[in-house]
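K.L.:
Any chance you can model this:
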Amino acid sequence: MKTGLEVNSVSHFYGKFQSLDGVSLQVTPGHVHCLLGASGSGKSTLLRLIAGLENPAAGEIKINDVTFSSQQTYVAPEKRPVGLVFQQYALFPHLSVARNIAYGLGHLQRREQIEIVNKYLKMIELPDSGAAMPHELSGGEQQRVALARALCCEPDVMLLDEPFSNLDPRLRTELRALTLRILKESDVATLLVTHDPREALAVAESMTILLEGKVLQSGSVEQLYFQPNSLQAAKTFGAINCFSAEFITAGSALLSGEIPNQFGRTGQGEILLRPEFICVNASTQEKNAVITNLTNEGSTSLLTLRVKQQHQVFVRVLNPTQLQNGEHVFASFKSTS
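P.N.:
Just a heads-up that it's a prediction; the model follows:
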């Protein structure tokens with residue numbers, strides 16, 4: 001039975017610099033797990049360790065309960081059931097599309113190679129492009145070929161290193177949907193690296209946030225977005241409101257009124273609220289805030305409010321909006337009933 005990818009307490013050094021410190025995560029077959037973090041957080045280093053391009057200083061890496069990396073064990077990259085797709089596609093420019101896809105199939109008979117290549121050309125929606133050269137393809141088509149080349153060897157783990165970052169927004173969305181469908185159909189455990197929180201939310205079922213080589217938080221997408229374990233984790237996904245509050249026993253917290261208390265605690269503390277959980281109304285007579293900035297995000301706008309002349313509050317509203325900078329409004333917490 002396949003159990004997928006397991007990374008246990010992995011640490012790594014470049015000289016005296018510790019690039020990873022006790023990182024653990026698990027990805028089950030058929031699932032996409034996102035590794036999210038800024039440049040230098042250790043994301044690509046972890047991918048290199050899983051692929052076998054380097055060995056960890058501590059910890060272990062298992063695939064389907066078999067150890068491939070530890071202080072006592074090292075299995076060469078070519079002997080690991082791992083596929084790897086880079087940001088730069090890394091196609092062989094002197095080989096046709098078909099020969100690029102078939103690159104890892106040299107141990108098979110020619111007829112088998114052709115059958116497999118045709119299967120994956122159809123899967124990536126390029127059935128008639130086998131004879132084309134890489135330079136004749138668009139960036140999105142090249143990335144699809146790179147995905148097919150990695151998948152045709154039937155890996156148990158797929159590693160994607162910022163695979164969509166070089167594409168324009170429309171093409172990125174289309175290729176992302178196609179890639180996810182193919183990976184699901186292949187029942188492969190997928191670890192996708194990105195620095196873009198919006199992409200992480202769009203593609204992943206679970207994720208791990210890395211910060212300076214350490215796990216900041218790991219869990220389902222819903223847990224990380226709605227139940228961050230720290231202000232730092234919450235800020236990973238953009239603007240966040242942090243309010244001082246007094247938790248009371250009635251399952252609520254006193255904060256300019258009452259809001260639900262889901263944390264089972266009493267006393268003083270802080271509450272984090274996403275901008276979408278605060279609403280504004282410009283038509284009421286009562287006003288308690290003024291809009292100091294309005295940033296258009298496309299389908300939404302992010303408002304910055306000044307409340308009671310001192311507190312800064314972020315609010316996200318749907319577009320089109322009639323609200324303007326300098327306008328006085330009434331801000332309140334959205335009802336959860």
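K.L.:
Identify the bridge partners of residue 294.
P.N.:
Here residue 294 sits in beta bridges with residue 303, going by DSSP bridges.
K.L.:
hang on, it packs against residue 325?
P.N.:
Yes. Taking contacts as CB atoms under 8 Å, residue 294 lies within contact range of residue 325: 5.5 Å. All C-beta spots, glycine's among them, are computed from the backbone N, C-alpha and C.
K.L.:
now the residue sitting nearest the centre point of the chain: how far from residue 213?
P.N.:
Note on the chain: the residue nearest the mean C-alpha position is residue 200, at 2.6 Å, using CA atoms, centre = their mean. Using CB to CB, to the nearest Å, one gets 18 Å for the distance from residue 200 to residue 213.
K.L.:
Could you do residue 300 as well?
P.N.:
With distances defined as CB to CB, the gap from residue 300 to residue 213 amounts to 34 Å.
K.L.:
For the two, indicate the residue with more neighbours.
P.N.:
residue 213 (22 against 15; other CB atoms under 10 Å).
K.L.:
Contacts only, for the closest residue to that one other than its chain neighbours.
P.N.:
Distances taken as CB to CB, 6 or more residues apart in numbering put residue 42 closest to residue 213, at 4.2 Å, once the chain neighbours are dropped. Counting by CB atoms under 8 Å, 6 or more residues apart in numbering, residue 42 touches 12, 19, 20, 23, 210, 212, 213.
K.L.:
Residue 222: which of those is nearest?
P.N.:
residue 210 (19.4 Å; CB to CB).
K.L.:
Which one's more surrounded, residue 294 and residue 325?
P.N.:
Neighbours of residue 294 and residue 325, each counted by other CB under 10 Å, are more numerous for residue 294; the result is 17 against 11.
K.L.:
Tell me who's in contact with the more buried one.
P.N.:
Taking CB under 8 Å, 6+ apart as the contact definition, residue 294 lies against 301, 302, 303, 304, 321, 323, 324, 325.
K.L.:
So what touches stretch 317-332?
P.N.:
Residues from elsewhere that reach stretch 317-332, judged by CB under 8 Å, 6+ apart: 257, 278-282, 284, 286-294, 296-301, 303, 305, 307, 313, 315.
K.L.:
avg pLDDT for it?
P.N.:
This predicted structure assigns stretch 317-332 an average pLDDT of 90.
K.L.:
again, but for stretch 178-187
P.N.:
The average pLDDT for stretch 178-187 rounds to 90.
K.L.:
Extract the CA atoms of that stretch and return them as CSV.
P.N.:
The C-alpha coordinates for stretch 178-187 follow below in CSV (Å, rounded to 0.1, in the frame of the first residue of the first chain):
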residue,chain,number,x,y,z
LEU,A,178,-4.9,21.1,-16.2
THR,A,179,-1.9,20.2,-14.0
LEU,A,180,-4.0,19.5,-10.9
ARG,A,181,-6.4,17.3,-12.9
ILE,A,182,-3.5,15.3,-14.3
LEU,A,183,-1.9,14.9,-10.9
LYS,A,184,-5.2,13.8,-9.3
GLU,A,185,-5.7,11.2,-12.1
SER,A,186,-2.2,9.9,-11.6
ASP,A,187,-2.8,9.4,-7.8
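K.L.:
what does it contact?
P.N.:
Outside stretch 178-187, the residues within contact range by CB under 8 Å, 6+ apart are 2, 29-30, 32, 123-125, 144, 147, 151, 154, 158, 160, 163-164, 190, 203.
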